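Undergrad: what shape does this take:
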Amino acid sequence: EIFRVEKQAAEQFCRLQKASEQAGIEILLSSAYRSVERQQEIRDEFLAEYGEDYARRYVAVPGYSEHHTGLALDFVAGIDGKWLIENEEIIDRAQELQPVYDLLPGFGFILRYLKGKEEVTGYPAEPWHIRYVGDPAVAAEIMERGITLEEYLGEAGLH
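TA: Numbers count the residues shown, from 1 in each chain. This next block holds a predicted model:
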């Protein structure tokens, strides 16, 4: 599958992939830019397969997804020859992905939807969803403080 990603985010993801591989975890893109139409298809697929509650929790309303920006990336991971592909598998083994999370800021990425921040973001934890913010110093501050992009932008007076 071919993914569309904002140019700098794509370059940095490739660098992140190499660094992750050196840390013993292979990561591959599973989703990137999505059109509003594609977002609707995904929402419909999730509704059919998992039901209304699950779809509402995990799939953004078409037109409101971060994936419309080309800066939000979902990944799957290979650890010790076992691929974590389904959301539930990634959730269950998210702790094992810590080496990847530790690398994110150096390439300008943050883990976007954090456990315990559902009230702030409107989404449950998604340990597969990263967001390119560009500046590694900003990414490091967000990740080190354990805050969300909303909280960081709110503090900066950018609403």
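
Undergrad: going forward, measure contacts and count neighbours with C-alpha atoms only.
TA: OK.

Undergrad: immediately after the helix or strand containing E119, which helix or strand?
TA: Counting by DSSP states H and E, the element that carries E119 is helix 118-121. Moving toward the C-terminus from helix 118-121, the first helix or strand encountered (DSSP H and E) is strand 126-132.

Undergrad: for that following strand, name the packing helices and strands.
TA: Applying 3 or more Cα pairs under 8 Å, 6 or more residues apart in numbering; DSSP states H and E, one finds that strand 126-132 contacts strand 72-79, helix 87-92, strand 109-113.

Undergrad: redo those as a markdown table? Include mean neighbour count.
TA: Shown next, in a markdown table, are the helices and strands packed on strand 126-132 (neighbours: other Cα atoms under 10 Å):
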| stretch | mean neighbour count |
| --- | --- |
| strand 72-79 | 21 |
| helix 87-92 | 14 |
| strand 109-113 | 27 |
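
Undergrad: reformat these as TSV; add mean pLDDT.
TA: Below are the helices and strands packed on strand 126-132 laid out as TSV (pLDDT from 0 to 100):
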stretch	mean pLDDT
strand 72-79	98
helix 87-92	95
strand 109-113	98
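
Undergrad: how about those in TSV, adding distance to V133?
TA: Below are the helices and strands packed on strand 126-132 laid out as TSV (distance: least, Cα to Cα, whole Å):
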stretch	distance to V133
strand 72-79	9
helix 87-92	23
strand 109-113	6
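
Undergrad: and of these, who's closest to E49?
TA: Closest to E49 of these is helix 87-92 (Cα to Cα; 13.3 Å).

Undergrad: which other helices and strands contact whichever helix or strand comes after that closest one?
TA: Counting by DSSP H and E, the next helix or strand C-terminal to helix 87-92 is helix 98-103. If you count contacts as 3+ Cα pairs under 8 Å, 6+ apart, helix 98-103 packs onto helix 7-22.

Undergrad: now the helix it packs on: how far from the chain's centre is it?
TA: 14 Å (Cα atoms, centre = their mean, to the nearest Å).

Undergrad: cool, stretch 123-138 as well?
TA: In terms of Cα atoms, centre = their mean, the centre of stretch 123-138 is set 6 Å apart from its chain centre.

Undergrad: check contacts around the residue nearest the centre of the chain.
TA: Centroid-nearest residue in the chain, with Cα atoms, centre = their mean: H129, separated by 1.3 Å. Neighbour list for H129: 72-75, 111-113 [criterion: Cα atoms under 8 Å, 6 or more residues apart in numbering].
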